[in-house]
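Undergrad: Sequence first, then the predicted structure, then my questions.
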Amino acid sequence: KWIKKYPNSFEARNNLSLLYYANDEITKAIYQLGLALKLEPSSGRIKNNLLRALKIQVAIHDENKDYDSAIKGFKLIAKLSPAKEQEKIERQIEALEDKIFEQVQKSNLMDEYLEFLKKYPRSYKNSDEARLWVEKRQQIEKTEQLQF
């Protein structure tokens, strides 16, 4: 009721997010904290609450092997984190990209490689390796077509 009456109350949105957080409704908590932070961008308390909720969500995604969602979460965390912590977060993102690329390699399918390149065109080492695999596969397919 309070938020309906005062939709621009960052404190109310922060408090609502804490209720969601306590009830394991992390996505709803993150949403409310995002709104609260837009209303009061200088609030360190809201930013810290949002970071904590995002880290929980990333851990859940990682545990469920939903690496794409975990990477998206890490990117949000990086935006909110101090510069000195961003390098560590980038390494965590790279580790998840490595896990995704391992799955792509196991599939050995052109569509999987192309999808990886679409999502992660700058993945350290992995993107270059994926591009080489695609080029090689395309050359093989051309050669096979010429033979028939």
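TA: The structure has been received and is ready for your questions.

Undergrad: For the helix ranked longest in the chain, buried residues please.
TA: Looking across the chain with DSSP state H, the single longest helix is helix 83-107. Residues of helix 83-107 classed as buried by neighbour count (16 or more other Cβ atoms under 10 Å): 89, 92-94, 96-97, 100-101, 104. To be clear about C-beta, it is placed using only N, CA and C from the backbone, and glycine gets the same treatment.

Undergrad: before we move on, what about stretch 25-44?
TA: Buried, per 16+ other Cβ under 10 Å, within stretch 25-44: 26, 28-37, 39-40, 43.

Undergrad: with those residues in mind, which one is nearest to Gln139?
TA: Of all the buried residues of stretch 25-44, Ile30 has the smallest distance to Gln139: 45.5 Å, by Cβ to Cβ.

Undergrad: SS state for the closest one?
TA: Put simply, Ile30 is helix when judged by DSSP: H, G, I helix; E, B strand; the rest coil.

Undergrad: Excluding sequence neighbours, find me the nearest residue to it.
TA: Residue nearest to Ile30 in three dimensions, not counting chain neighbours: Ala53, with 5.0 Å by Cβ to Cβ, 6 or more residues apart in numbering.

Undergrad: Can you give me the distance of the one you found to Ala36?
TA: Per Cβ to Cβ, to the nearest Å, Ala53 is found 11 Å from Ala36.

Undergrad: elements contacting the host helix or strand of Leu33?
TA: Per DSSP states H and E, Leu33 falls inside helix 26-39. Secondary-structure packing of helix 26-39 (3 or more Cβ pairs under 8 Å, 6 or more residues apart in numbering; DSSP states H and E): helix 10-22, helix 44-63.

Undergrad: So for Ser81, which of these sits nearest?
TA: Taking Cβ to Cβ, helix 44-63 is the member of those nearest to Ser81, at 7.0 Å.

Undergrad: now what about the closest one, what contacts it?
TA: With contact meaning Cβ atoms under 8 Å, 6 or more residues apart in numbering, helix 44-63 is reached by 10, 14, 17-18, 21, 26-27, 29-30, 33-34, 36-37, 40, 67, 69-70, 73-74, 76-77, 80-81, 96.
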